[in-house]
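S.K.: Kindly return the folded structure for what I paste below:
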Amino acid sequence: MTHDELRALAHAQLAHGLIQLAVHFPDELATFGLEIPGALERAVTLAEQAIALAPTRADGYVALGRLLLCHDEPAAWHDAAEVLRHALSLDPEHDGAALALATCLRALGQPAEALAL
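M.R.: Next up is the predicted model:
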């Protein structure tokens, strides 16, 4: 793995961490001086940086797709599905991409397709 790919992976993992805190443990964000909107904005920046550093790796796209799933709008979920399908095209064995896409498809009312993943 190149230096940029390692940096991209670190950025993507940081984005995932912020997403997890914002969605599942929002009270923990105060420990870092963050609130949910700021944490998610920072996660977007980190995901975009990961994609810029390593556009052929799935990790940044998965983070971006998970961020799109945070929106309570079907249009965002359709965008998430597109981003996550791209991530899977880059790495068909990426479990995080498959799980996020399955979550997305379920939200879009496609449970059979979600289950197939």
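
S.K.: Quick one: list the elements packing against whichever helix in the chain runs longest.
M.R.: Longest helix in the chain, counting residues (DSSP state H): helix 3-24. Other helices and strands packing on helix 3-24, by 3 or more Cβ pairs under 8 Å, 6 or more residues apart in numbering; DSSP states H and E, are helix 36-53, helix 59-69. Backbone N, C-alpha and C define where each C-beta goes, glycine included.

S.K.: Can you list the buried residues in it?
M.R.: By neighbour count with 16 or more other Cβ atoms under 10 Å, helix 3-24 contains the buried residues 8-9, 11-12, 14-16, 18-19, 21-22.

S.K.: got those as TSV, with distance to residue 104 columns?
M.R.: Below are the buried residues of helix 3-24 laid out as TSV (distance: Cβ to Cβ, whole Å):
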residue	distance to residue 104
8	22
9	22
11	22
12	18
14	22
15	17
16	16
18	19
19	14
21	21
22	18
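
S.K.: hey, which of the helices and strands packed on helix 3-24 is tucked in deepest?
M.R.: Each of the helices and strands packed on helix 3-24 was assessed for mean neighbour count using mean count of other Cβ atoms under 10 Å. The highest is helix 59-69, with a mean of 26.

S.K.: relative orientation of it and helix 3-24 in degrees?
M.R.: Using axes from the mean of the first three to the mean of the last three Cα atoms, to 10 degrees, the inter-axis angle of helix 59-69 relative to helix 3-24 is 20 degrees.

S.K.: And the next helix or strand past helix 59-69?
M.R.: Counting by DSSP states H and E, the next helix or strand C-terminal to helix 59-69 is helix 74-90.

S.K.: what angle sits between that following helix and helix 59-69?
M.R.: Using the same axes, to 10 degrees: helix 74-90 against helix 59-69 is 160 degrees.

S.K.: I would like the residues contacting helix 74-90, please.
M.R.: Defining contact as Cβ atoms under 8 Å, 6 or more residues apart in numbering, one finds that helix 74-90 is touched by 56-59, 61-62, 64-66, 68-69, 71, 94, 97-98, 100-101, 104-105, 107-108.
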